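Trainee: Turn this into a structure:
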Amino acid sequence: MNFIEKLQRAAQRNYSLVCIGLDPDPKLMPENVGVYDFNKAIIEATSELVCAYKPNFAFYEAMGREGIEALERTVKCIPAGIPVIADAKRGDVGNTSKAYARAVFDIMGFDAVTVNPYLGFDAIEPFIQYQDKGVILLCRTSNAGAGDFQSLYCETSEGRRALYEIVADKAQQWNTYGNIGLVVGATYPEELRLIRQQHSDMLILIPGIGAQGGDVALTIKYGLSPEGDKAIINSSRQILYASRGMDFAEAARQAALNLRDELNKYRGINES
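Mentor: This next block holds a predicted model:
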């Protein structure tokens, strides 16, 4: 089963487009709870409510060896039927990207990875060659400074187009195996609408719901494919830190359930 198939099955089984970003911050976590134990409790409480999990490497790397070990254990404890996305934002010259791809896919066992396309095709190709894995390119990210480069206009044969549009076009051209997706933030709904119009069949990972203030209704309206799928809607802090007490897992479950149900309301889906 490849990444897209695994994602679709999880989404259908759980009636969910929710992806939880497993981004542990010790400053926000309950006292005396280790990273792995925190993640494990979150996963056990929410695995019936999500279509994917997405650990962000930065939070684990910042803890040194202990953090990397917690990341590896976290990936192994996620149920086999739920895809795991490495939010690593890799991308470098060809040989380096080959090593990155091997580390993420062969060694650590992730189903997909986020990749920075700035270096061009030869930096992306080693990831794409893993045809059963997902390769999700940064396109129009959710952060405030995204427009510094991503919204710059470039002269093309089709006229002036924003850089993020060109990235999406290239992703479509490179999508030979059907395993490429795009990151487009919920915090920029007009850009999300435009990308979905131009690339109706591509998978879009949509961060920015929750703490970053992305609008749920507009995300569903603009982010889904014509078939009502091909979207992964990520939330991290809103779910992970719904409570900072020892009821954190129960609170995370309720927050994930609330988000799933809100998304499904706008999708017109009643999971009951």
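Trainee: Below-threshold pLDDT in the stretch 151-272 of the chain: ranges please.
Mentor: 271-272 (pLDDT under 70).
Trainee: For it, just list every one of the strands.
Mentor: 153-156, 159-162, 180-184, 203-206, 231-235 (DSSP state E, counting those that start in this stretch).
Trainee: before we move on, what about the stretch 1-150 of the chain?
Mentor: 18-20, 52-53, 85-90, 112-115, 134-140.
Trainee: Make CSV from those strands and add mean neighbour count to it.
Mentor: Quick note: C-beta positions are derived from backbone N, CA and C, even for glycine. Compiled in CSV, those are given as follows (neighbours: other C-beta atoms under 10 Å):
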stretch, mean neighbour count
strand 18-20, 29
strand 52-53, 26
strand 85-90, 23
strand 112-115, 28
strand 134-140, 26
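Trainee: Out of these, the one nearest Glu262 is which?
Mentor: Evaluated over the strands of the stretch 1-150 of the chain, closeness to Glu262 peaks at strand 18-20, with 9.7 Å, by C-beta to C-beta.
Trainee: chain center to the closest one: distance?
Mentor: Relative to the centre of its chain, strand 18-20 is centred 8 Å away, using C-alpha atoms, centre = their mean, to the nearest Å.
Trainee: tell me what it is packed against?
Mentor: strand 52-53, strand 231-235, helix 248-267 (3 or more C-beta pairs under 8 Å, 6 or more residues apart in numbering; DSSP states H and E).
Trainee: As JSON lines, the strands of the stretch 1-150 of the chain with distance to Lys27 would be great.
Mentor: Shown next, in JSON lines, are the strands of the stretch 1-150 of the chain (distance: least, C-beta to C-beta, whole Å):
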{"stretch": "strand 18-20", "distance to Lys27": "19"}
{"stretch": "strand 52-53", "distance to Lys27": "21"}
{"stretch": "strand 85-90", "distance to Lys27": "19"}
{"stretch": "strand 112-115", "distance to Lys27": "24"}
{"stretch": "strand 134-140", "distance to Lys27": "26"}
